[in-house]
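**Q** here you go, sequence then predicted model.
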Amino acid sequence: MTTTTLPAPLAAPAAHGSIAAGVWRVADPKITLASVASMIVGATAAGHAGPIAWGWLALTVLGIFAIEAAKNASGEIFDWDSGTDAAVTDAERSPFSGGKRVLVDGLMTRRQTAIMAAAFYAIGIAAGLAIVLGREPRVLWLGMLGVGLAYFYHAPPLALAYRGFGELAVALAYGPVIAVGTYLVQRQTVDAAVLWASLPLGLAIAGFLWINEFPDARADAAAGKRTLVVRLGRARAARGFAGLEAVAFAAVLLLPLAGLPWPVLGGVIGAPLAIRAARRLARFPETPAEQIPAQAATLGAFVLMAVGIGLGFVVATIV
């Protein structure tokens, strides 16, 4: 594997905004929905198999949210250093892409962003270690994988997002890693059902990343960030997005064949939004402003998939 070398850091603008506003933007509730979706699947699958330990679930949520925020903060630094965030024009910005821009917009300094990243990583790791020591030692390995994917998504030497492996990392992290980890904390074992249920969700969340790469494609290419959209070109990537969404929702239909209760088929409730997103993206692969409704629909599609699968587990438990 060749080594990705990021350009020398740009001089970050002096911060002129509120640190609290910067923290809120880095936490980004919209993006956190990906973690929430995976925890819904993991927790409801665990609830189908036995009672929920609510205190340990709360600690799981805290740890995962902290690592999510830490990833966003450390990613801001590496994307600033590479120049990709600064290269995104106003016309290419959207509520879902273009980075958190706390450095570009001067909400925080580079040093403040690094401190925030370190603090959130520390909180997340501390929560994970508390679970390892007090509940389930095997969570350690999933936690290490999750933290590694979070940090090296942007950071060298792996720089997964810059090498075209970001989509795979997201599918793995927001599918099996979080869902299976949540289940493991509750049941202190792993059942195949939660693994199977996490796979279509991981694909659907990877689709959300994929569509969010479209507005950034020009800036990413200029900065050497070789996402799949950059590698394929927007027209081919739009067809690839449609295929990924089709596979994700078709996989939901196969879940009962893997032994899951039939009510989890409710996960297909998000399919109409995925179809809407794919059609709009096919019409406007080159126009960032026209892609925003498709981005929102893709987010809604994976959230509804998670809710539908989760309610399926709940219904199967009650019935």
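**A** Received the coordinates, thanks.
**Q** switch to C-alpha atoms for all contacts and neighbour counts from now on
**A** OK.
**Q** measure Gly224 to Phe152 for me?
**A** As judged by C-alpha to C-alpha, to the nearest Å, Gly224 and Phe152 stand 16 Å apart.
**Q** which secondary structure element is home to the residue lying closest to Pro263 once chain neighbours are set aside?
**A** Once flanking residues are discounted, Pro263 sits nearest to Gly312: 4.2 Å by C-alpha to C-alpha, 6 or more residues apart in numbering. Using DSSP states H and E, Gly312 maps to helix 288-318.
**Q** counting by contacts, list what that helix packs against.
**A** If you count contacts as 3 or more C-alpha pairs under 8 Å, 6 or more residues apart in numbering; DSSP states H and E, helix 288-318 packs onto helix 29-49, helix 192-212, helix 271-283.
**Q** how far off centre is that helix?
**A** A distance of 14 Å separates the centroid of the chain from that of helix 288-318, by C-alpha atoms, centre = their mean, to the nearest Å.
**Q** contact partners for Gly164?
**A** Lys225, Arg226, Thr227, Leu228, Arg231 (C-alpha atoms under 8 Å, 6 or more residues apart in numbering).
**Q** ok, and the closest non-adjacent residue to it?
**A** Thr227 (4.5 Å).
**Q** Ser74 too?
**A** Spatial nearest neighbour of Ser74, excluding adjacent residues (C-alpha to C-alpha, 6+ apart): Ala117 at 5.4 Å.
**Q** okay, buried residues for the helix or strand containing that neighbour please.
**A** Using DSSP H and E, Ala117 maps to helix 110-134. Neighbour-count burial for helix 110-134 flags 110, 112-114, 116-125, 127-132 (criterion: 16 or more other C-alpha atoms under 10 Å).
**Q** thinking again about what came up before, got the angle for the helix holding Gly312 vs helix 192-212?
**A** Interaxial angle, helix 288-318 versus helix 192-212 (axes from the mean of the first three to the mean of the last three C-alpha atoms, to 10 degrees): 170 degrees.
**Q** tell me the angle helix 288-318 makes with helix 29-49.
**A** Going by the same axes, to 10 degrees, helix 288-318 makes 20 degrees with helix 29-49.
**Q** list the buried residues in helix 288-318.
**A** 288, 291-292, 294-314, 316.
**Q** let me know the average pLDDT across that helix.
**A** The average pLDDT within helix 288-318 is 98.
**Q** cool, and stretch 223-237?
**A** 96.
**Q** one more: stretch 153-161?
**A** Across stretch 153-161, pLDDT averages out at 96.
**Q** what's the answer for stretch 52-62, then?
**A** Here the average pLDDT along stretch 52-62 is 98.
**Q** ok, the residue lying closest to Gly50 once chain neighbours are set aside - how many residues close by?
**A** Excluding the flanking residues, the one nearest Gly50 by C-alpha to C-alpha, 6+ apart is Arg187, at 7.4 Å. By the other C-alpha atoms under 10 Å criterion, the neighbourhood of Arg187 contains 20 residues.
**Q** spit out the contact partners of Ile269.
**A** Ala301, Leu304, Met305, Gly308.
**Q** excluding chain neighbours, what is closest to the third one?
**A** Excluding the flanking residues, the one nearest Met305 by C-alpha to C-alpha, 6+ apart is Gly267, at 4.1 Å.
**Q** doesn't that neighbour belong to a strand?
**A** No - counting by DSSP: H, G, I helix; E, B strand; the rest coil, Gly267 falls outside a strand, being helix.
**Q** what number of residues lie near it?
**A** Residues near Gly267, counting by other C-alpha under 10 Å: 28.
**Q** just for the protein, where's the confidence low?
**A** By pLDDT under 70, the low-scoring segments of the chain are 1-17.
**Q** now the helices and strands packed on helix 288-318 as JSON lines including mean neighbour count and distance to Ala235?
**A** Below are the helices and strands packed on helix 288-318 laid out as JSON lines (neighbours: other C-alpha atoms under 10 Å; distance: least, C-alpha to C-alpha, whole Å):
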{"stretch": "helix 29-49", "mean neighbour count": "22", "distance to Ala235": "25"}
{"stretch": "helix 192-212", "mean neighbour count": "25", "distance to Ala235": "12"}
{"stretch": "helix 271-283", "mean neighbour count": "21", "distance to Ala235": "7"}
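**Q** looking at those helices, which is nearest to Ser82?
**A** helix 192-212 (18.4 Å; C-alpha to C-alpha).
**Q** which strands and helices sit next to the closest one?
**A** Using 3+ C-alpha pairs under 8 Å, 6+ apart, helix 192-212 sits against helix 29-49, helix 166-172, helix 178-187, helix 234-254, helix 288-318.
**Q** so which bits of the second one are buried?
**A** Taking 16+ other C-alpha under 10 Å as the basis for neighbour counts, the residues of helix 166-172 that come out buried are Gly166, Glu167, Ala169, Val170, Ala171, Leu172.
**Q** that helix: how far from the chain's middle?
**A** That offset, for helix 166-172, works out to 8 Å (C-alpha atoms, centre = their mean).
**Q** wait, the residue nearest to Met305 touches Gly308, no?
**A** Yes - if you go by C-alpha atoms under 8 Å, Gly267 and Gly308 touch, sitting 4.0 Å apart.
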